[in-house]
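>>> Structure of the sequence below:
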Amino acid sequence: MATARKDSPGRPAEEDAPSPSGPQAPRAAPSPSEPPAVGPPAELGPAALRALAHPLRIRILDLLPSRGPLTASKLGEIVGESSGSTSYHLRQLAKHGLVREVEGKGTARERWWERTPGGFSISNAGKDSPAGRQTAEAVNIEFLRLRHERVMAFIRAGQDADEETLKAWLGTAAFVTSNKWATPEQMKAIVEAWDRFAAEHIDPLSRQEGVPGAVPFEVHFDAFPTVDAEGNPL
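Numbers count the residues shown, from 1 in each chain. Predicted coordinates for the structure are as follows:
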């Protein structure tokens, strides 16, 4: 299945997509004065994939980029779980480098957590076994389901927004679908062009949480052949 690219506020988009095979250690976070480095994402190994294959862990990992650093208690309030439960799941994610404690913030009793800067790919995780492929597919589907929920929430919110808000954000959102016929080489070229665009225009926006007027902003890019398991057009 296609790569599930997950981004974090501290670094370039997941840079996710084309990725090397085999797990990689998470990159060090850039300092606030440095622009995030651009590079390929880490490819999750089977153990990390299994650790991620839990709906609550996926939701936690999905929440942190848009909400910013959170404590286990605050996460618990958001997802409707106890702080003990969210703390446990955060530690499991941290074992595989997917989240980390925020340095210099919090106490021994109240730790702050954030997504580890960088991205990750699950395009090849578990590919060598049916169970692994099934797990990777389930993780992909859950991330996509949560993403769809946010799109629907945005659309519903627009119905209730006041005129001033609508005017301020006019032209900032777009939903585009284009259906074409292309060869694998042409499709790869499109994905590579997107990666270049993201590196130039999207990744530099990292670490803008304190910029006046800035709000959480999400960009999606999907490109895939509409074919069946045998490669026949749908």
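
>>> the bottom helix or strand of this protein by mean pLDDT?
Within the chain, no helix or strand scores below strand 42-43, which has a mean of 73 by mean pLDDT, DSSP states H and E.

>>> For that one, what is the distance to the chain centroid?
For strand 42-43, the separation from the chain centroid amounts to 13 Å (computed by CA atoms, centre = their mean, to the nearest Å).

>>> buried ones in whichever helix or strand comes after it?
As assigned by DSSP states H and E, the chain's next helix or strand after strand 42-43 is helix 46-52. Of all the residues in helix 46-52, those buried under the rule 16 or more other CB atoms under 10 Å are 46, 48, 49, 50, 51, 52. Yep, even glycine has a C-beta here, placed from its N, CA and C like the rest.

>>> Same check on stretch 62-79?
Result for stretch 62-79 [16+ other CB under 10 Å]: buried residues 62, 63, 64, 65, 69, 70, 71, 72, 74, 75, 76.

>>> got the contact list for that stretch?
By CB atoms under 8 Å, 6 or more residues apart in numbering, the residues outside stretch 62-79 that reach it are 6-9, 56, 59-60, 81-87, 90, 99, 102, 105-106, 110-115, 143, 146-147, 209, 216, 218.

>>> Stretch 82-89 too?
54, 56, 57, 60, 71, 72, 73, 75, 76, 79.

>>> partners of the fifth one in the sheet?
For residue 71, the beta-bridge assignment (DSSP bridges) gives partners residue 112.

>>> So for it, what pLDDT did the model give?
Reported pLDDT at residue 71 in the predicted model: 95.

>>> hmm, back to that, just checking, what packs against the least confident helix or strand of the chain?
strand 120-121 (3 or more CB pairs under 8 Å, 6 or more residues apart in numbering; DSSP states H and E).

>>> Swap in 6 Å and give it another go.
Contact partners of strand 42-43 among helices and strands, from 3 or more CB pairs under 6 Å, 6 or more residues apart in numbering; DSSP states H and E: none.

>>> What strands line up against that strand, and which way round?
Assessed with DSSP bridges, strand 42-43 is paired to strand 120-121 (parallel).

>>> gap between the strand it pairs with and the chain center?
9 Å.

>>> Turn the buried residues of helix 46-52 into TSV, columns for distance to residue 156 and pLDDT.
Shown next, in TSV, are the buried residues of helix 46-52 (distance: CB to CB, whole Å; pLDDT from 0 to 100):
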residue	distance to residue 156	pLDDT
46	38	84
48	34	88
49	33	89
50	35	89
51	33	90
52	29	92
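
>>> if I look at the spatially most distant residue from the centre of the chain, how far off is residue 213?
Distance to the chain centre peaks in the chain at residue 163, reaching 31.3 Å (criterion: CA atoms, centre = their mean). Separation of residue 163 from residue 213 (CB to CB, to the nearest Å): 18 Å.
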